[in-house]
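> Quick one, fold the following:
(chains A and B)
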Amino acid sequence: MTVIFKEETFHDDFTFRNSPEAVKRFPFPFPEDSYMYSVNLEPHKSYRPGSVYERTFDVDEHYVSEMRDRARVLAEDPLRCQSLPHMTLAGWDLLELIMTSKAEEYPELFELHRDGTKWHWINRPLGIEQKFTFLDETTLPYGPMEYITRQTQGDFAVLDQRDDNLWMDAGMVTTQADWSLDFDIGMNFFEWHAPVPKAHEMGIFQRALKFLLNVQQGSPARRLNWTMTVYPLLDTSPENYHKWGVMKKDLTLENMGQMMHLRVELQTFFRLPRSNALVFPIRCYLIKLDELVTVPKWARRFHRVIRDLPTELATYKGFVTNRPKIVEWLSKYDDGAPTSPGIWPD
Amino acid sequence: MSAGAAKIPVTVAEVTPVNELVTRFKFVRRDGGPMPTFSGGAHTVVEMNDKDRVRRNPYSIMSDPADRGGYSISIRRDDNGRGGSLFMHRQVRPGMEMVISNPINLFALDLRARKHLLLAGGIGITPFLAQIKQLAGMNGNFELHYSVRTTSLASYADELAANYRPRVHLYHDDRGEQIDLPALLDGQPLGTHVYVCGPKGMIAWVRKTATALGWPREAVHHEEFLAPASGKPFEVMLARSNKMIQVGEHQSLLEAIEAAGVEAPYLCRGGACGQCETDVLEYEGTFLHKDHWLTPAQCASGTKIMPCVSRFEGKTLVLDR
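Predicted coordinates for the structure are as follows:
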């Protein structure tokens, strides 16, 4: 696979768009015509060549521009990346996991040469070449987690495991669906999930935590989550809500197809070997409604999901006010025909 | 999700007697590749094809976590056990092909600790051997107190003393030496975490003493694998698979479920991790709960059983499996 990296922006002039190939591989998150929470976890195994499930860390046409956007956000707000002192070892674990996976799965883009603790990393798309000593922080320009996540799409929550709980003790979070690492840092699994409606009563977090505590080395897991975003904004953070929150009012029936995006998170979970921490990469994929409706099955199904979604969920996901307009726009693409099971285009 | 952690096909590279009771086994990957890195305190589940049955026993990995050439474990022979350690001691030879699991850590270091106080009894030294190598490699602050029966049974004591002398303290039962636990725990700096691995009585003693001295629960770590106890044979109905199975005298319920070809989740196989928790649909009789997982209320409710270590006596037992 040859990836052609696009020049595009996720702010100001918002030139982001998907190529037809990127639309085809979009991780549409609805296997049926309605949606309710479920733990929906499955093994993170290579699946469907060409899909976002093929590689351990998917690199797509937006890579270079997304990394530039991350650097821009970090320059404005360095607290988007934090690591408590005991999490440095987990940062090295993560650096090793990403470098070895990318070098093996994308040999034309990334190279890693190791001679004991002397490592040599080449990142061709970003034009980076770095020689460093593994486990020696002084040989890298940033801490190990920050160094590697400035070169990897998606947010990263690095969770310490102790006292039968998970603790948000490190992370790189610049492409988030309205949550804040600076607010959540040091919290445990139940504390940082406290704002989520309904799921507590359903016992979802008890079950999810039990599963996550038992994610083992060599057996990573994944799930999808979703929300909706007006404008192709990667950074929909609480810190910048005053900037992007008002932009939701710009939405009209006329600009819906270009302005409204389905935002899907591919969430994966890996046990880290030296630290026994759990890393939770949250990779954000955006698709414009105009792009989404080029797949007739997705258009029909998405209309039904949004129309029938419980109000609490539409409120929590931040589009309850715009929902009538979105449903009206999508209804034009739903002829009432039945849809096939599963998430893939027919 | 499939049962247990992902498997690694290995060859037995070395079998080394350590003393009259303990033997060390080293495994390397059959494909010649590197082993996964692991964290000190992790165990691996070793599968043993013992005639017509498959045994799966967890053993702490004692080798250096940074050494990806192979994993070493040390096994104490238990002449009155169910036979796993005897199989390893008597049947396993260099060159044999076996299957082990990816590392699983239920006894991890708390990396926030300002100091790690390690308390070992007998073969309970094994997880600490890996943790000490890991801590020494990162300039960690640790202190080991290791209680052994006799000098000749003091596995790895000489090596530990030679490498880390001022931080290693040995106690010999046959010389009447004993850890002065209240004084030891009382004198620790703030931010110390204590870890204990050894016989049941020692673990209980450390936890009780620490609690009495006001140690926070989160700063006291223990690892205790229970070997499944033998007991009277019993019969179980597996409702979902629609199979009636027999659990033999020296077989665990989990082993009997697996022997019937039914896939059941597990990790530690020692009553600690909770992964094999199984719903009871119907029963008439008495549960013999042996695990550390279920709460007393859950045990009393008759709705759950941990098949890796617990048994049953009575007329009917129907499980959701």
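> Quick one: the helices in the stretch 51-200 of chain A, in order.
Applying DSSP state H, counting those that start in this stretch to the stretch 51-200 of chain A gives helices spanning A:63-76, A:88-105, A:144-149, A:181-184, A:189-192.
> Ok, chain B next?
Using DSSP state H, the helices of chain B run over B:84-91, B:126-137, B:157-164, B:181-186, B:200-212, B:253-259, B:296-301.
> In a markdown table: those, plus distance to chain A, mean neighbour count and mean pLDDT.
To be clear about C-beta, it is placed using only N, CA and C from the backbone, and glycine gets the same treatment. Formatted as a markdown table, the helices of chain B follow (distance: least, Cβ to the nearest Cβ, whole Å; neighbours: other Cβ atoms under 10 Å in any protein chain shown; pLDDT from 0 to 100):
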| stretch | distance to chain A | mean neighbour count | mean pLDDT |
| --- | --- | --- | --- |
| helix B:84-91 | 21 | 18 | 95 |
| helix B:126-137 | 7 | 23 | 96 |
| helix B:157-164 | 20 | 15 | 96 |
| helix B:181-186 | 19 | 15 | 96 |
| helix B:200-212 | 15 | 16 | 96 |
| helix B:253-259 | 16 | 22 | 93 |
| helix B:296-301 | 14 | 12 | 92 |
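> now these as a markdown table including distance to A:P324?
Shown next, in a markdown table, are those (distance: least, Cβ to Cβ, whole Å):
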| stretch | distance to A:P324 |
| --- | --- |
| helix B:84-91 | 65 |
| helix B:126-137 | 58 |
| helix B:157-164 | 70 |
| helix B:181-186 | 65 |
| helix B:200-212 | 59 |
| helix B:253-259 | 53 |
| helix B:296-301 | 48 |
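> Could you pull up the contacting residues of B:A154?
B:N19, B:Y146, B:V148, B:L170, B:H172 (Cβ atoms under 8 Å, 6 or more residues apart in numbering or on different chains).
> which of the helices of the stretch 51-200 of chain A sits most buried?
Highest mean neighbour count among the helices of the stretch 51-200 of chain A (mean count of other Cβ atoms under 10 Å in any protein chain shown): helix A:144-149, with a mean of 24.
> which outside residues touch that one?
Contacts for helix A:144-149 (Cβ under 8 Å, 6+ apart): A:81, A:83, A:87-88, A:90-92, A:94-95, A:98-99, A:137, A:140-141, A:156, A:158, A:170, A:172.
> Let me see the contact set for B:M62.
Counted by Cβ under 8 Å, 6+ apart, B:M62 has contacts B:R24, B:S72, B:I73, B:S74, B:T126, B:P127, B:L129, B:A130.
> Model confidence at the nearest residue to the third one once chain neighbours are set aside, what's the number?
If you skip the residues right next to it in sequence, B:I73 has B:Y59 as its closest partner in space, 4.1 Å away by Cβ to Cβ, 6 or more residues apart in numbering or on different chains. B:Y59 is assigned a predicted lDDT (pLDDT) of 95.
> so B:Y59 touches B:P127, yeah?
No - using Cβ atoms under 8 Å, B:Y59 is not in contact with B:P127; the gap is 9.7 Å.
> so what sits against both of these two?
Common neighbours of B:Y59 and B:P127 (Cβ under 8 Å, 6+ apart) are B:H43.
> Measure how buried the residue nearest to B:I73 is and give me the count.
When neighbours are counted by other Cβ atoms under 10 Å in any protein chain shown, B:Y59 registers 23.
> And it, how far from chain A?
For B:Y59, the distance to chain A (Cβ to the nearest Cβ, to the nearest Å) stands at 16 Å.
> quick one: contacts for that residue?
B:Y59 is in contact with B:H43, B:T44, B:V46, B:I73, B:S74, B:I75, B:T126, counting by Cβ under 8 Å, 6+ apart.
> From what I see, B:L129 and B:S155 are in contact.
No - contact criterion Cβ under 8 Å: B:L129 and B:S155 do not qualify, at 9.1 Å.
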